[in-house]
Every structure is written in structure tokens, then in C-alpha cells.
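[1] show me the folded form of this:
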Amino acid sequence: MPEGDAVYRAAARLRAALDGRVLTRSDFRVPRHATADLTGRAVLTTASRGKHLLTRVEGGLTVHTHLRMDGSWRVERAGAPLRAGHLIRLVLANERWQAVGVRLGMVDLLRTDQEDRVVGHLGPDLLDPEWDQEQAARAARNIAARPGTTIGEALLDQRNVAGIGTIWRAETLFLSGVSPYRPAGEVDDLAGMMGLAHRLMDAGKNQSGGPVTTGDRRPGRRLWAYGRAGRPCLRCGNKVIGDELGAQPYERAIFYCPVCQPR
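    This is a model prediction of the structure:
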């Protein structure tokens, strides 16, 4: 699933193509909004909120989308043929550009003053430009409220903190020296961990070619833990473990070094 940094970049692409331009086409291919028509309205902006996108248009309306596991927004020249075989759920176009939402997991049209209906449940956004120590402390309190939950599961709960997924979870826990199996109530400095997660994701939000946390861009050496199951830990040389964590059907892949992150 695209994580907060990927969604942040998607928002930037949509802003560059749509902001300030009047829509000449709006094609909702979801039953709930099949008759909706935004043509003639200018797009004000697109904001990312965790893993959610909020495209605001004139008239106090917001298009809410979520990429889920394999969705994407593709920006093309206006009038470009739509690719056959793609599950297109939404097209927003102006005279110059068209934004095509493919395999979007969520598509909603709602009033802008009611955006909390779709994002109000989220915890602090790791890429909020106003991120500060208070937001880190609030995310920490959210996690600590369920002390028996493993920290690996707690970090993916968007009600606690918004934007983190399996990549940034693995890297944050590795650099914190914390096993994903440790109960959240036994993690000493949750606020510090939230600050680290913010710094990692903020540093990677504009990176092309995928995240780098080791400082080494060579293939196979870009990340400390994620995707390294069965390979030597770049820090201690022991084998990195790959597993799944969480109850079905919500289990997600975890990667950790049992030496650097003692269970």
C-alpha cells in the first residue's frame, strides 16, 4: 500500500496539473457518484492527509480518494487515450492536463466543511507541515492507550498516527532498536519514536527512486530492514527475519533483525 510519502508526492502531481484550472471533464466511475459533474469548477488544491487525498474544488466541494493497495493517480496530457484494461474510477481534466485515478480504493464527493467524515478519525499526520513535539506526544498517547498491542501493529493503526506503512514501520523500529513484537506499553520513548518516524518520512517525501534510510543508494543497501528477509543485517551481519504480524485478514509483512531488535 502506498505510504504517506508516496501519497504526498501524488498530491504534488495533482496540484501541478489541476490547481487553479477549470475542469473541462469530470468522470466519476463509481455508482454512488456516477451522475456527479464538476465541469466548469476550478480546482483549488489537493492536500494529502496520511494516506488520503483531498482535492478541493470551487463551490465548497471535496473529492476524497484513497489508493488502498494498488491504486494510483496518473497525470497525462488532456485528451490522451485512456489505457485499455485499466480499472479507471475517476477522471478529472482541464484544457491542458488530465488526472486519471486507477484502481482507487475509495472515491467520495462531499462538502469541504465535512471532510472530517472521511479523515477525522486519523491520528497526527507524520507529514503535516505543522508537525511538532505536541503532535508527536499526541501520537504517543494514542499508541499508549492500548498498551497490550504490539508496537508493530500499533504503528500501522492510522487512528494512532497517519501515514506510516510497512516500509517506514520496519525502518523506524530498526533504528529505534525495538522488536515489532514488543507490547506498545513496554516501549520507553514513544514520542521519540514518533519524532524519528517523522524525520525519516519527511526526508524521503521528495526522493525519487524509492526511500533510502542507510545513506547508501546502491541496490540492496538502501534500507536497513524492509525487504531484507534472509539477508545479512547491514549493521551486525546476522540474518534479517521476515514474517507477518496482525490478525487475518489484516496481517502485514514485518522485517527485523533479532540481534539489533531483541524480542
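
[2] can you give me the buried ones in stretch 167-177?
    167-176 (16 or more other C-beta atoms under 10 Å). (Glycine included, C-beta is placed from N, CA and C.)

[3] do stretch 9-18 as well
    9-11, 14-15, 17-18.

[4] quick check: mean pLDDT across it?
    Mean per-residue pLDDT for stretch 9-18: 97.

[5] residues in contact with that stretch?
    If you take C-beta atoms under 8 Å, 6 or more residues apart in numbering as the criterion, stretch 9-18 is touched by 2, 43, 45-48, 53, 55, 67, 72-73, 75, 92, 94, 96-99, 205-206.

[6] isn't residue 36 up against residue 26?
    Yes - the criterion here is C-beta atoms under 8 Å, and residue 36 meets it with residue 26 at 7.0 Å.

[7] more crowded one of those two?
    Neighbour count, other C-beta atoms under 10 Å: between residue 36 and residue 26, residue 26 has more, with 19 against 15.

[8] can you pull the contacts of the nearest residue to that one once chain neighbours are set aside?
    Excluding the flanking residues, the one nearest residue 26 by C-beta to C-beta, 6 or more residues apart in numbering is residue 38, at 3.8 Å. If you count contacts by C-beta under 8 Å, 6+ apart, residue 38 has them with 23, 26, 57, 61, 63, 92.

[9] isn't the fourth one right next to residue 112, touching?
    Spelled out, it's residue 61. Yes - contact criterion C-beta under 8 Å: residue 61 and residue 112 qualify, at 6.3 Å.

[10] have a look at those two and say which one is more surrounded.
    Neighbour count, other C-beta under 10 Å: between residue 61 and residue 112, residue 61 has more, with 17 against 13.

[11] show me where the protein has its helices.
    Counting by DSSP state H, the chain has helices at residues 4-18, 116-119, 133-144, 151-156, 166-176, 190-204.

[12] nearest to residue 79, of these?
    Among the helices of the chain, helix 4-18 comes nearest to residue 79, with 13.6 Å by C-beta to C-beta.

[13] and the residue nearest to residue 148 when sequence neighbours are not counted, how many residues sit next to it?
    Closest residue to residue 148 apart from its sequence neighbours, by C-beta to C-beta, 6+ apart: residue 183 at 5.7 Å. Other residues near residue 183 come to 13 when the count uses other C-beta under 10 Å.
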